[in-house]
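I need the structure of the sequence given here:
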Amino acid sequence: MMLNKPKEEFVKEGAQNVTEKDVEKVISKSEEIKKKFSAKGPLARFIEDGQLLIAIVKDYWSGAYRQIPYGSIASIVFTLIYILNPFDLIPDMLPLIGQLDDVAVMGACLILVEQDLHKYKDWKQSQGKTN
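The predicted model follows:
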């Protein structure tokens, strides 16, 4: 359970179970996931990061960008599916409190993939692409 271990470990362990179906789910549900990062609520501070995470998964899946370890992609996919799922450790139906675990998992993911995201952002800018 996430509450008993560092959040980074929770994300790493979850990433080990990510499948191609999970990657496809993130891509097919990307608009729904983006809505979780609305200007209202605890995930608002991650709007830009959320868009970047979705973009890197899409670029990885399409083959446009492969300079990232699969473990990082798996961590991102795990995190985005976790955020999408309203019935995670603390249900999102509980106002504010239900989204705090989403914030914790998102923060842990960003710590784990920070260097990969910086490289991706630089690559994206060199391609003249935006989020």
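
could I get the full set of helices for this protein?
According to DSSP state H, the chain carries its helices in the segments 7-15, 20-28, 30-36, 47-62, 70-84, 97-126.

buried residues in the third one?
Buried positions in helix 30-36, judged by neighbour count with 16 or more other CB atoms under 10 Å: 30, 33, 36. Backbone N, C-alpha and C define where each C-beta goes, glycine included.

I'd like those residues laid out as TSV, including pLDDT and distance to Gln115.
As requested, those are exported to TSV (pLDDT from 0 to 100; distance: CB to CB, whole Å):
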residue	pLDDT	distance to Gln115
Ser30	94	23
Ile33	90	23
Lys36	84	25
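
any idea which of those residues is closest to Ser62?
Ranked by distance to Ser62 (CB to CB), these are led by Ser30 at 12.6 Å.

related to what we said a few turns ago, make JSON lines out of the buried residues of helix 30-36 and add distance to Leu43.
As requested, those are exported to JSON lines (distance: CB to CB, whole Å):
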{"residue": "Ser30", "distance to Leu43": "15"}
{"residue": "Ile33", "distance to Leu43": "10"}
{"residue": "Lys36", "distance to Leu43": "6"}
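
which residue packs closest to Gly41, ignoring adjacent ones?
Among residues not flanking Gly41 along the chain, Gln99 sits closest, at 5.9 Å (CB to CB, 6 or more residues apart in numbering).

count the neighbours of Glu13 for me.
By other CB atoms under 10 Å, the residues close to Glu13 number 12.

most packed of the helices of the chain?
Burial of those is given as mean neighbour count (mean count of other CB atoms under 10 Å); helix 70-84 ranks first at a mean of 22.

what angle separates that helix from helix 7-15?
Helix 70-84 runs at 100 degrees relative to helix 7-15, counting by axes from the mean of the first three to the mean of the last three CA atoms, to 10 degrees.

what is helix 70-84 packed up against?
Applying 3 or more CB pairs under 8 Å, 6 or more residues apart in numbering; DSSP states H and E, one finds that helix 70-84 contacts helix 7-15, helix 20-28, helix 30-36, helix 47-62, helix 97-126.

understood, closing this out.
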